[in-house]
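> With the sequence up front, the predicted model follows.
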Amino acid sequence: MDKKIMDTRNQPNPMKRRDFLQKTAVLAASAIFLPALGNRAYSATNAIKNKSAIPTVKLNNGLLMPVLGFGTYSLKGDICQRSVADAIAVGYRLFDTATRYGNEAFVGAGIKQSGIKRENLFITSKVWVDDSGYEKTKTAFETSLKKLGTDYLDLYLIHRPRGDFKGSWKMMEELHKAGKIKAIGISNFTPAQYKDLMSVATIKPAVNQIETHAFFHEMDSYNDLKKNGVQMEAWAPFAEGRNGLFTNETLAAIGRKHHKTTAQVSLRWHYQRGVVAIPRTVQKAHMMENLNIFDFKLTPAEMKAIAALDLNTSQFPEWT
Ligand SMILES: NC(=O)c1ccc[n+]([C@@H]2O[C@H](COP(=O)([O-])OP(=O)(O)OC[C@H]3O[C@@H](n4cnc5c(N)ncnc54)[C@H](OP(=O)(O)O)[C@@H]3O)[C@@H](O)[C@H]2O)c1
């Protein structure tokens, strides 16, 4: 991974006194309650320190992408808006949404509420199956822009390899060339489906966003994407907690050694594999905890222990 840092320190700080007091109270409360959760993983000081310290990876077209972002699946209304604004306040810069989530307007509202400058964010959205095809993709893309309150996307993905996804790709290539999308990519594509797309593509996808977590390492895709220079991005980096991920004893034992939680060990594992992760949470303490993964390193033996957790099967059979 490229170790360049997305530097946000020069941004104007529009924090009002009331916001400052609220933030201070949240941080103080977190510092009191988190040790009671059974580990010393979190420190308010680190959360502040990490505010401008999310490393980036260079995509195959030269664009820098934060290695850690914020997922918004299933977040709606005020909770979505508030979570996005909170995530920006604690340091997240990459936001992942989709037409299918029905929340782009709320993500946009959260961004607006935060007061952050657009150029400091990395916004991803996705074209859904119903909008596949050349013309429909253009309309879907423009609708996403309008809802998000922006005039470009950093990353636009084909959500699933269904329908006329080759027609979608042709339009996405044009929108990319016109400067409306900084990078174009795919999601849920197998190596065979990637190859099929490449039979018509003139631009290689920059990213493939697929399910991957401690219980599903997707080694075939992992190796194929690496070979082809396509960045792998993890959806459900915690498997949404399925199969007991947050209480898994292997992850917990590793965490105890580093004074980190199972969530932090999971995210550090993604990072050391070179995979971008976009965990979702509505809790500010979890947002800060999930950012606090850049001050420790898993050993080769620990990476091997996590490699042994691979069940080589999806935790979301209902979506396949
Ligand atoms: N391309 C696709 O087809 C696709 C499919 C699925 C998802 N995605 C994207 O990937 C993102 C992430 O996946 P996901 O939202 O399905 O699931 P996830 O990030 O694996 O898990 C989310 C769950 O983890 C909990 N959590 C977060 N941080 C925690 C922590 N530190 N300790 C304990 N629990 C914690 C959250 O609860 P709390 O809110 O209580 O913290 C929430 O219930 C999505 O939001 C979406 O943007 C894409």
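That came through, no problem.
> can you give me the helices in the stretch 1-150 of the chain?
Using DSSP state H, counting those that start in this stretch, the helices found in the stretch 1-150 of the chain span residues 17-33, 44-49, 77-90, 104-114, 134-148.
> and these, which one is worst for confidence?
Of all the helices of the stretch 1-150 of the chain, the minimum mean pLDDT falls on helix 17-33 (a mean of 32).
> List the residues that contact Ala192.
Going by Cβ atoms under 8 Å, 6 or more residues apart in numbering, Ala192 touches no other residue. Using the backbone N, CA and C atoms, a C-beta is placed for each residue, glycine as well.
> In the helix or strand harbouring it, which residues are buried?
Taking DSSP states H and E as the definition, Ala192 sits inside helix 191-198. By 16 or more other Cβ atoms under 10 Å, the buried positions in helix 191-198 come out as Gln193, Tyr194, Leu197.
> Between the residues you listed, which sits nearest the ligand?
Using Cβ to the nearest ligand atom, Gln193 comes nearest to the ligand of the buried residues of helix 191-198, at 13.5 Å.
> I'd like to know how far the residue nearest in space to the middle of the chain sits from Glu240.
Central residue of the chain (Cα atoms, centre = their mean): Ile278, 2.3 Å from the mean position. Noted for Ile278: a distance of 12 Å to Glu240, by Cβ to Cβ, to the nearest Å.
> Ok, Arg93 next?
Distance, Arg93 to Glu240, by Cβ to Cβ: 23 Å.
> Ok, Gly133 next?
From Gly133 across to Glu240, the span is 31 Å (Cβ to Cβ).
> same check, this time on Thr99
21 Å.
> Please identify which of those two sits among more neighbours.
Neighbour count, other Cβ atoms under 10 Å: between Thr99 and Glu240, Thr99 has more, with 20 against 17.
> Give me the pLDDT for the residue nearest to the more buried one when sequence neighbours are not counted.
In space, Thr99 comes closest to Trp128 once its chain neighbours are excluded; the distance is 4.6 Å by Cβ to Cβ, 6 or more residues apart in numbering. On the pLDDT scale, Trp128 is placed at 98.
> Can you give me every residue that contacts Trp128?
Ala98, Thr99, Arg100, Ala140, His159, Arg160.
> Could you identify the most distant pair in those?
Farthest apart among the contacts of Trp128 by Cβ to Cβ are Ala140 and Arg160. That separation is 13.4 Å.
> What residues sit buried inside stretch 175-193?
By neighbour count with 16+ other Cβ under 10 Å, stretch 175-193 contains the buried residues 175-176, 180-189, 193.
> of those, closest to the ligand?
When the buried residues of stretch 175-193 are compared against the ligand (criterion: Cβ to the nearest ligand atom), the nearest one is Ser187, at 4.0 Å.
> gap between the two ends of stretch 310-320?
Start-to-end span of stretch 310-320 (Cα to Cα, to the nearest Å) is 18 Å.
> That one near the ligand at all?
No - contact between stretch 310-320 and the ligand is absent, the nearest approach being 7.1 Å (criterion: Cβ under 6 Å from any ligand atom).
> so where's the chain uncertain?
1-52 (pLDDT under 70).
> Grab the nearest non-local neighbour of the residue of the stretch 51-200 of the chain found nearest the ligand.
Proximity of the stretch 51-200 of the chain to the ligand (Cβ to the nearest ligand atom) peaks at Gly71, 2.4 Å away. Using Cβ to Cβ, 6+ apart and skipping the chain neighbours, the partner closest in space to Gly71 is Arg280 (3.6 Å).
> how much space is there between the one you found and the ligand?
Arg280 sits 3 Å away from the ligand, going by Cβ to the nearest ligand atom, to the nearest Å.
> show me the contacts for that residue.
Counting by Cβ under 8 Å, 6+ apart, Arg280 makes contact with Phe70, Gly71, Thr72, Tyr73, Ser74, Leu75.
> That one is in what secondary structure piece?
Counting by DSSP H and E, Arg280 is part of no helix or strand.
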